[in-house]
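Colleague: I'll drop the sequence and a predicted model, then ask my questions.
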Amino acid sequence: MARLVMKFGGTSVADLDRIRNVARHVKREVDAGNDVAVVVSAMAGATNQLVEWCRQAGALHDTREYDAVVATGEQVTAGLLAIALEGLGVEARSWQGWQLPILTDNAHGSARIVDVNGDELIKRFKERKQVAVIAGFQGLHKDTGRITTLGRGGSDTSAVAIAAAIKAERCDIYTDVDGVYSTDPRVVPQARRMDKIAYEEMLELASLGAKVMQVRSVELGMTRNVPIMVRSSFEKPEDIDPSKPPSGTLICDESEIMEQQVVTGIAFSKDEAQISIRRVQDKPGVAAAIFGPLADASVNVDMIVQNVSADGATTDLTFTVPSADYERARMTLDKAKGAIGFERLDGATDVAKVSVIGIGMRSHAGVAAQAFKALSEHKINILAITTSEIKFSVLIKAAQTDLAVRTLHTLYGLDRA
Ligand code: ASP
Ligand code: MG
């Protein structure tokens with residue numbers, strides 16, 4: 001017997017059939033003797049529709065009203081799932097974010113949770129074994145009492161926060177994939193599902209665009225030490241043997257991973273653009289003159305490479321930005337040209353970033369060097385490199401992404417046997 005949080009995303013509650021399927025999964029855990037809090041997303045596509053309505057109603061709308069609108073998607077699924085559970089004879093009650101409450105700061109549209117009150121849920125587990133069905137994504141601003149939302153994909157974060165509040169043994173994230181893979185199986189068919197992955201590795205993977213979970217939810221799991229299991233809601237509840245450990249990927253503390261591999265995963269992103277500033281003055285304050293205005297324009301700068309100055313007076317500086325920020329970045333730099341002082345801007349959007357992640361890199365030297373050699377053998381040219389403690393990334397031509405990912409996946413022994 002345990003206390004569990006079960007979270008179901010949009011595709012898992014896409015229609016009434018899928019909601020009934022969720023109810024059967026919940027019943028399965030209740031029948032096994034567990035206390036269960038379920039967190040649900042809005043039906044697939046519902047939030048997009050609500051966001052679009054806000055945009056059409058007024059391009060520059062107040063984010064407090066945006067939250068009032070987009071929070072409604074989850075209200076529907078929470079109520080429907082409670083009804084479906086009652087239909088199966090499982091006692092259940094729905095909860096909106098404001099009813100618990102889940103208190104947040106005032107960043108409407110992407111609020112951060114400051115506190116979750118789980119007392120009433122625990123009381124009802126004890127007194128009547130009542131299942132709590134909680135609308136994900138929603139919060140309540142701690143001072144104004146207005147509804148907030150946690151940013152797109154935020155119900156993952158709701159789930160982990162609730163798990164921490166009720167001291168759940170585990171937070172199960174049910175989704176349309178059956179776990180976290182060593183890389184995208186569409187690119188590398190030999191990609192393997194990991195049994196376990198450390199929080200820090202998952203954080204890197206999620207930040208680099210492996211769209212399994214909202215990054216904040218992984219951060220929260222790490223700081224509050226909530227084990228998170230990524231598993232499939234498409235597995236039939238009837239087929240699951242309650243006496244066996246569940247199949248999926250457990251995101252946990254690194255100390256719980258016995259055989260830590262040096263490299264655990266390869267991530268990639270084709271939504272990258274590269275900007276080179278040619279013959280910029282090589283003197284103190286130039287980096288600030290370049291990156292200050294970009295930060296003010298909310299351009300997210302990632303890899304930065306500055307060449308050694310050949311003439312002692314000017315240098316070239318290259319960096320990457322998300323492709324969505326590319327035009328804005330160029331315009332911002334053009335405007336600041338006088339203040340910065342450079343000859344010209346070159347840019348390319350046909351680039352991709354490939355990243356290699358693994359906690360084992362902390363204690364193993366030469367991991368990146370192996371990659372550089374393997375890539376060169378495949379005539380893949382590296383345009384920029386960044387490294388951190390548990391990952392390194394290379395920027396390459398976008399057309400070579402798949403080849404690079406496959407090469408590295410094999411190189412580090414990640415291919416499934
Ligand atoms: N429904 C919200 C969204 O689509 C929250 C979530 O599903 O996690 O972003
Ligand atoms: Mg999601």
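Modeller: The structure has been received and is ready for your questions. Ligands and ions are numbered 1, 2, ... in the order given.
Colleague: need the residues of the protein near ligand 1, please.
Modeller: Within the chain, the positions lying close to ligand 1 (C-beta under 6 Å from any ligand atom) are 9-10, 41-42, 47, 73, 136-137, 152-156. Quick note: C-beta positions are derived from backbone N, CA and C, even for glycine.
Colleague: Most widely separated two among these?
Modeller: For these, the farthest-apart pair by C-beta to C-beta is G73 and D156; their separation is 15.0 Å.
Colleague: close to ligand 2, is the strand or helix carrying Q49?
Modeller: In this structure, Q49 is located in helix 46-57 according to DSSP states H and E. No. Using C-beta under 5 Å from the ion, helix 46-57 never reaches ligand 2; the gap is at least 9.8 Å.
Colleague: Look at whichever residue of the stretch 151-300 of the chain sits closest to ligand 2 and give its secondary structure.
Modeller: The nearest approach of the stretch 151-300 of the chain to ligand 2 comes at G153, 4.4 Å away (C-beta to the ion). Secondary structure state of G153, per DSSP: H, G, I helix; E, B strand; the rest coil, is coil.
Colleague: separation between it and M222?
Modeller: 17 Å (C-beta to C-beta, to the nearest Å).
Colleague: For the closest residue to Q400 other than its chain neighbours, give me its contacts.
Modeller: Leaving out its chain neighbours, the residue that sits closest to Q400 by C-beta to C-beta, 6 or more residues apart in numbering is I380, at 4.9 Å. If you count contacts by C-beta atoms under 8 Å, 6 or more residues apart in numbering, I380 has them with I396, K397, Q400, L403, A404, T407.
Colleague: Buried ones among these?
Modeller: I396, Q400, A404, T407 (16 or more other C-beta atoms under 10 Å).
Colleague: pretty sure E343 contacts A313?
Modeller: No. Counting by C-beta atoms under 8 Å, E343 sits too far from A313 to count as a contact (11.6 Å).
Colleague: In CSV: the buried ones among the contacts of I380, plus pLDDT, distance to ligand 2 and secondary structure.
Modeller: Listed next are those as CSV, based on pLDDT from 0 to 100; distance: C-beta to the ion, whole Å; DSSP: H, G, I helix; E, B strand; the rest coil:
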residue, pLDDT, distance to ligand 2, secondary structure
I396, 97, 29, strand
Q400, 98, 30, helix
A404, 98, 28, helix
T407, 98, 30, helix
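Colleague: related to what we said a few turns ago, quick one: buried ones out of the residues of the chain next to ligand 1?
Modeller: For these, buried by 16+ other C-beta under 10 Å: G9, G10, S41, A42, T47, G73, G136, F137, G153, G154, S155, D156.
Colleague: Flag every buried residue along the helix holding Q49.
Modeller: A46, T47, L50, V51, C54.
Colleague: The nearest residue to the second one once chain neighbours are set aside sits in which helix or strand?
Modeller: Spatially, and ignoring its direct neighbours in sequence, T47 is nearest to G73 (4.9 Å; C-beta to C-beta, 6+ apart). Secondary structure assignment for G73, by DSSP H and E: helix 72-87.
Colleague: what's that helix in contact with?
Modeller: 13, 16, 19-20, 22-23, 26-27, 38, 40-43, 46-47, 50, 91-96, 131, 133-138, 155.
Colleague: longest strand of this structure?
Modeller: For the chain, the strand that runs over the most residues, judged by DSSP state E, is strand 265-281.
Colleague: which helices and strands sit right next to it?
Modeller: The contact analysis (3 or more C-beta pairs under 8 Å, 6 or more residues apart in numbering; DSSP states H and E) places strand 265-281 against helix 199-207, helix 286-296, strand 314-322, helix 326-335, helix 337-340, strand 344-357, helix 401-411.
Colleague: pull the CA atoms of the second one into PDB?
Modeller: Output of helix 286-296 as PDB, limited to C-alpha atoms (Å, rounded to 0.1, in the frame of the first residue of the first chain):
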ATOM      1  CA  VAL A 286      31.900  44.700 -26.400                       C
ATOM      2  CA  ALA A 287      30.300  41.500 -25.200                       C
ATOM      3  CA  ALA A 288      28.000  43.600 -22.900                       C
ATOM      4  CA  ALA A 289      27.200  45.900 -25.800                       C
ATOM      5  CA  ILE A 290      26.100  42.900 -27.900                       C
ATOM      6  CA  PHE A 291      24.400  40.600 -25.400                       C
ATOM      7  CA  GLY A 292      22.800  43.400 -23.300                       C
ATOM      8  CA  PRO A 293      20.400  44.600 -26.100                       C
ATOM      9  CA  LEU A 294      19.700  40.900 -27.000                       C
ATOM     10  CA  ALA A 295      18.700  40.200 -23.500                       C
ATOM     11  CA  ASP A 296      16.500  43.300 -23.400                       C
END
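Colleague: now the angle from that helix to strand 265-281?
Modeller: Put simply, helix 286-296 runs at 120 degrees to strand 265-281, going by axes from the mean of the first three to the mean of the last three C-alpha atoms, to 10 degrees.
Colleague: what's the following helix or strand past helix 286-296 in contact with?
Modeller: As assigned by DSSP H and E, the chain's next helix or strand after helix 286-296 is strand 304-306. Here strand 304-306 makes contact (C-beta under 8 Å, 6+ apart) with A287, T315, D316, L317, T318, F319, A384, I385, T386.
Colleague: then the helix or strand harbouring V69 to CSV, C-alphas only?
Modeller: Using DSSP H and E, the element containing V69 is helix 63-70. C-alpha atoms of helix 63-70 as CSV (Å, rounded to 0.1, in the frame of the first residue of the first chain):
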residue,chain,number,x,y,z
THR,A,63,-2.8,37.9,-18.7
ARG,A,64,-5.1,37.7,-15.7
GLU,A,65,-8.0,37.2,-18.1
TYR,A,66,-6.0,34.8,-20.2
ASP,A,67,-5.6,32.7,-17.1
ALA,A,68,-9.3,32.9,-16.3
VAL,A,69,-10.0,31.4,-19.8
VAL,A,70,-7.2,28.8,-20.3
